[in-house]
Structures are given as structure tokens and as C-alpha cells.
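A structural model of the following input is requested.
(one chain, ligands or ions: 3)
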Amino acid sequence: MKKVYIETYGCQMNVADTEVIFSLLSKHGYERTEDMSEADVIMANTCSVRDNAEQRILGRIEVFNQQKKKRPEVLVGILGCMAERLKSELLATGKVDIVAGPDAYRSLPVLLQNAAPGMPQINVQLSREETYADIKPVRLDTNGVSAFISIMRGCNNVCSYCVVPYTRGAERSRDFHSIVREACECAEAGYREVTLLGQNVDSYSYEDCSFARLLQMVAEACPGMRVRFSTSNPQDISDEVLQVMASHANICHHIHLPVQSGSNRILEKMRRRYTREWYLERVAAIRRYMPDCAISTDVIAGFCSETEEDHQDTLSLFREVGFDAAYMFYYSERPGTLAARKYPDDVPQEVKNRRLEEIIALQNSLSLESNRRDVGKRFEVLVEGPSKRDPSALCGRAGNNKMFVWPDTEHKSGDLVEVEVLDCTQATLLARLVKQL
Ligand code: SAH
Ligand code: SF4
Ligand code: F3S
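Ligands and ions are numbered 1, 2, ... in the order given. The predicted structure is shown next:
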């Protein structure tokens with residue numbers, strides 16, 4: 001058996017892909033190791049979404065090559081989005097033996113077999129059909145509590161700032177039979193939560209099955225399992241999905257709804273196909289169906305031509321919605337995207353940083369307010385494991401995706417318990433145990 005070590009960067013989709021890769025390789029005489037120094041093959045599954053994500057990988061390639069210096073037979077591989085974006089440029093560094101894009105993982109055993117120091121191998125062919133539907137992933141979550149299930153690949157929305165459609169190719173939906181089967185297998189293996197993954201889950205469509213229907217099927221096939229999903233695009237999130245969420249107790253009341261900007265002028269330049277007003281109406285619809293539904297978002301500060309007024313529109317939208325959580329970034333120009341070709345990246349870095357800091361400061365206070373509203377309430381929490389700070393306490397998440405910590409030495413990861421919130425910080429709800437469920 002040869003040993004393979006893989007580091008995974010980027011989004012949850014990459015985590016799910018790494019699980020597929022381990023599965024594919026295990027059928028060809030490779031086993032997983034978590035220790036780079038004993039690995040025959042060292043790979044990174046990479047992300048291209050922002051420049052700093054790529055810079056980090058370039059640093060890792062140097063680290064991997066230190067292993068190669070000690071053991072020249074070691075093979076170094078770059079997988080995923082950065083492999084797809086940079087292609088043979090990565091081979092030209094002389095530091096990489098394998099380059100495989102997101103749709104080329106079935107060829108990895110052959111690439112590895114043919115590769116040797118000085119004989120690099122590459123496959124960055126994108127596909128219109130590949131969904132790895134038949135591959136049973138080797139789960140990386142060693143707690144055995146929460147599993148990711150990819151329901152679609154690629155993206156057909158050409159948001160002007162975004163590299164994903166270029167690195168992941170055209171959108172395609174996976175056969176719903178294989179998705180429901182995988183969810184049931186997770187339940188049988190003891191998992192308590194699945195997250196259905198896609199860049200735009202509401203455009204899932206396989207034969208006549210919509211995302212709302214798929215969500216319903218998964219929730220009903222595995223009644224003891226919590227069901228989550230990500231990501232919802234504001235332009236496509238439908239009332240049917242909200243109805244299905246509201247009427248199934250095991251679907252978590254949390255929606256990740258990336259807004260990107262609060263300014264209609266910027267949204268149009270970003271090629272997001274909704275307005276601020278449309279976004280606010282979707283938030284109102286979510287709250288109509290599920291008053292307790294948590295809403296999180298993504299935002300980009302300092303996109304091309306963004307003025308102070310546009311930025312204020314983003315801040316006011318954050319206040320108006322009162323997000324429970326947010327992932328916040330400054331704009332990073334990605335080569336080859338529409339924005340890179342059409343618009344100058346003209347907001348100075350200091351201004352991007354300052355605007356980002358203002359958004360973060362505002363969100364920190366909104367997160368604290370959101371947590372304060374939960375003090376005194378009771379929640380069903382899925383135990384993830386011991387708290388990092390206090391070994392006599394456990395931590396876990398409720399359906400709203402917030403992190404809870406409570407003193408508890410009786411329960412273990414995978415248990416479902418009821419807790420009551422006593423206090424909070426901006427990041428965590430401090431609770432007491434009420435009972436096991
Ligand atoms: N499919 C998801 C987003 C996937 S990328 C959606 O449409 O919402 C995750 C997040 O990275 C995006 O929501 C966006 O906020 C951020 N992002 C993407 N491209 C970026 C760029 N060029 N610079 C900064 N942030 C970016
Ligand atoms: Fe990128 Fe837009 Fe597709 Fe999301 S929907 S992955 S932001 S192109
Ligand atoms: Fe995900 Fe990064 Fe690729 S966010 S889709 S790994 S560019």
C-alpha cells in the first residue's frame with residue numbers, strides 16, 4: 001500500500017471532493033495518512049477564489065518540496081480549483097508532479113502511476129456530466145457526526161468577480177437516487193447530520209426533481225437526521241423550499257444567503273441578478289415561513305468603482321437584516337473573470353481594508369445582538385465534542401448553526417441534547433444542560 005496525504009483548502013465542496021478522492025484511490029492500493037513525513041504522495045486540494053488563498057498554496061508547495069528533498073521519490077500533486085485555473089503553469093515550476101482539476105479525479109490512479117520525478121502528469125479536462133454519483137466517499141469527519149453530500153457541481157451564474165465557473169465548469173445536478181441513497185448510508189453509519197452542497201442549490205434539477213423536492217425526499221428518507229444545505233442564491237431561493245423547511249422538523253432553520261453588496265449599482269456590476277429590494281423581500285419571506293430562521297451571508301468590500309455611498313448601502317442592509325453571521329472579504333481581482341477584463345480594480349487597498357473593518361465591526365455587534373436574543377431560550381443541540389477551552393464542557397450546534405458550550409461530562413459527540421442559554425459572547429452561547437433527547 002502506498003500512503004497518500006492530502007491537505008484540503010477552500011469551501012465545503014472541496015472537503016466533499018477530498019472524500020471522493022480518498023475513495024477512488026483506496027480502490028487502487030493507496031491508503032490515507034495524516035502524517036506528511038511518511039507519505040509517498042503529498043497533495044493539496046486547492047482554492048482560487050481569492051489571491052491570498054492561492055498564495056497560501058504556493059507556500060505549501062515549498063513545504064511539500066522539502067519532503068521531496070529528503071525523499072526524492074515522493075510525488076507532489078495539486079488538485080482542485082487552482083489546478084484548473086493555472087494548469088501547466090504549475091508544472092512549469094518544476095515542483096509539482098501531478099495536476100488534476102475537479103472533474104479529473106477518476107484519472108488520478110493513472111496519473112499517479114505514470115508520474116515520476118521529472119515526468120509530471122496533468123488532467124484538467126472539465127466535464128458536463130461528471131458528478132461522482134457512484135463513488136462512496138471516505139468520510140474525513142472522524143467524529144462521525146456530520147457529513148457533506150455534493151448534490152451538484154459547477155456553476156452557470158457568471159458573477160463578474162468570481163472564478164468558480166472557470167475552475168468548476170458548467171452546472172450539473174447529480175442523480176437524486178444516489179443522493180438519497182448516500183444520505184441513508186450516512187444515517188446507517190451513525191451520522192446525525194448531512195449538509196447538501198452546491199454553488200446554487202435552488203437551481204438543482206434532475207429529471208423533474210427540483211431542490212425543494214430533493215430536500216423533502218432526503219428529510220423524509222432519514223427522519224432521525226438533521227438536514228442542512230448551502231448555498232442559496234437570493235435570485236433563485238423559492239417559496240417551495242421555504243415551505244419544505246417549515247414543514248419538516250429535521251431540516252435546520254438556517255439559510256446561508258450571500259448578498260455580496262447592499263448597493264444596486266454594485267450588484268448590477270457584479271452581475272448578481274437581484275436587487276437590494278428583492279433580497280430584502282426574500283429575507284422577509286424566510287421570516288414569514290420561519291420566524292426563528294437564522295440567516296447568514298457573504299459580502300465583498302471594495303468591488304470595482306465602489307463609492308462611500310455604495311459602502312454605506314451595504315452597512316445599512318446589514319443593519320436592516322440583522323444577520324446572525326457573515327463571511328466578509330475584500331475584493332480580490334481574479335484573472336480571466338469578467339470584472340478583471342472590464343473594470344479597473346480601482347478601490348485602493350487601504351480603503352478596501354477600512355470598509356471591510358467597518359463591516360466586520362458592525363457584524364460583530366449584530367452577532368452579539370442576535371445571540372442576546374437567544375438568552376433564556378431552549379435549543380436542541382447536536383453534540384460535536386469537548387469544548388476546546390474546557391474539557392469538562394461540551395460544544396455543539398443548534399439548527400440555527402450557532403455554537404453552544406455547556407458544562408457536561410455525561411454526553412458524547414453525536415448525542416442530541418436540550419440546553420438553555422444563560423449568557424453569550426459574540427461567538428458562542430453559554431448554556432446549561434436541560435436533558436438528553
Ligand atoms: N456560490 C456562492 C459563492 C461561492 S464563493 C454564491 O454565489 O453565493 C464564496 C464567497 O467568496 C462568495 O460568496 C464571495 O463573497 C466570495 N468571493 C468570490 N469571489 C471573490 C473575489 N474575487 N474577491 C473576494 N471575495 C470573493
Ligand atoms: Fe461564483 Fe456567482 Fe457561481 Fe456563486 S453563483 S459560485 S459567486 S459565479
Ligand atoms: Fe470552492 Fe474555492 Fe473552488 S471556494 S469552488 S475551492 S475556488
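
For the rest of this, base every contact and every neighbour count on C-alpha atoms.
OK.

and whichever residue of the chain sits closest to ligand 3, what does it touch?
Ranked by Cα to the nearest ligand atom, the top residue of the chain for proximity to ligand 3 is Cys47, at 3.6 Å. Cys47 sits next to Tyr9, Gly10, Cys11, Ala53, Glu54, Gly80, Cys81, Met82 when contact means Cα atoms under 8 Å, 6 or more residues apart in numbering.

Repeat that for Asn157.
Pro165.

at 10 Å instead, please
Counting by Cα atoms under 10 Å, 6 or more residues apart in numbering, Asn157 makes contact with Val164, Pro165, Ala170, Glu171, Gln199, Asn200, Asn233, Arg271, Arg272, Arg273.

coming back round to it: please indicate which of the contacts of Cys47 are buried?
Tyr9, Gly10, Glu54, Gly80, Cys81, Met82 (16 or more other Cα atoms under 10 Å).

Just those: which are in strands?
For the buried ones among the contacts of Cys47, the ones inside strands are Gly80, with DSSP state E as the criterion.

between the buried ones among the contacts of Cys47, which is nearest Arg213?
Closest approach to Arg213 among those (Cα to Cα): Gly10, at 28.6 Å.

so how far is stretch 335-347 off the chain centroid?
Relative to its chain's centre, stretch 335-347 lies at 25 Å (Cα atoms, centre = their mean, to the nearest Å).

Turn the contacts of Asn157 into TSV, including distance to Asp345, secondary structure and neighbour count.
Listed next are the contacts of Asn157 as TSV, based on distance: Cα to Cα, whole Å; DSSP: H, G, I helix; E, B strand; the rest coil; neighbours: other Cα atoms under 10 Å:
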residue	distance to Asp345	secondary structure	neighbour count
Val164	19	helix	22
Pro165	20	helix	19
Ala170	26	coil	17
Glu171	28	coil	20
Gln199	25	coil	24
Asn200	26	coil	23
Asn233	25	coil	22
Arg271	16	coil	16
Arg272	18	coil	21
Arg273	21	coil	15
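
Return the member of those nearest to ligand 1.
Comparing the contacts of Asn157 against ligand 1 with Cα to the nearest ligand atom places Gln199 closest, at 3.8 Å.

can you count the residues close to the nearest residue to the closest one once chain neighbours are set aside?
The spatial neighbour of Gln199 that comes closest, neighbours along the chain excluded (Cα to Cα, 6 or more residues apart in numbering), is Thr231 at 5.5 Å. Neighbours of Thr231 under the rule other Cα atoms under 10 Å: 19.

what do you get for Val138?
Counted by other Cα under 10 Å, the residues lying close to Val138 total 17.

Over to Glu308?
So Glu308, with other Cα under 10 Å, has 12 neighbours.

contacting residues around it?
Gly302, Thr314, Val351, Arg355.

and if you look at Arg32?
So Arg32 contacts 1-6, 22-23, 25-26, 39, 41, 138 (Cα under 10 Å, 6+ apart).

Look at the residue of the chain closest to ligand 3 and report its pLDDT.
You'll see Cys47 listed with a pLDDT of 98.

which SS class is Ala183?
What DSSP: H, G, I helix; E, B strand; the rest coil gives for Ala183 is helix.

Touching, it and Leu214? I think so.
No: counting by Cα atoms under 10 Å, Ala183 does not reach Leu214; the two are 11.3 Å apart.

Give the residues shared as contacts by these two.
With Cα under 10 Å, 6+ apart, Ala183 and Leu214 have common neighbours Leu196.

the more surrounded of the two?
Ala183 (25 against 22).

Paired strands for the helix or strand containing Asn45, with orientation please.
Assigned by DSSP states H and E, Asn45 belongs to strand 41-46. Here strand 41-46 is paired, per DSSP bridges, with strand 2-8 (parallel), strand 75-80 (parallel).

Is the shortest one in proximity to ligand 3?
To tie it back to what came earlier, the one meant is strand 75-80. No: against ligand 3, strand 75-80 shows no contacts by Cα under 6 Å from any ligand atom, the least distance being 6.7 Å.

Check the longest one too.
No: between strand 2-8 and ligand 3, judged by Cα under 6 Å from any ligand atom, nothing touches; the nearest distance is 8.9 Å.

mind listing what's buried in that strand?
Judged by neighbour count (16+ other Cα under 10 Å), strand 2-8 contains these buried residues: Lys3, Val4, Tyr5, Ile6, Glu7, Thr8.

residues near the residue nearest to Asp345 when sequence neighbours are not counted, how many?
Spatial nearest neighbour of Asp345, excluding adjacent residues (Cα to Cα, 6+ apart): Cys304 at 5.0 Å. Residues within reach of Cys304, counting by other Cα under 10 Å, total 22.

show me the contacts for Cys304.
By Cα under 10 Å, 6+ apart, Cys304 lies in contact with 161, 266, 269-270, 331-333, 339-340, 342-348.

Which parts of the stretch 151-300 of the chain are helices?
Read by DSSP state H, counting those that start in this stretch, the stretch 151-300 of the chain holds these helices, from start to end of the chain: 164-168, 176-188, 211-221, 239-246, 264-269, 276-289.

Of these, which is nearest Glu34?
Each of the helices of the stretch 151-300 of the chain has some distance to Glu34 by Cα to Cα; the shortest is helix 176-188, at 23.0 Å.

count of residues packed around Val351?
14.

So for it, what's the nearest residue that isn't a sequence neighbour?
Distances taken as Cα to Cα, 6+ apart place Gly302 nearest to Val351, at 7.3 Å, with adjacent residues excluded.
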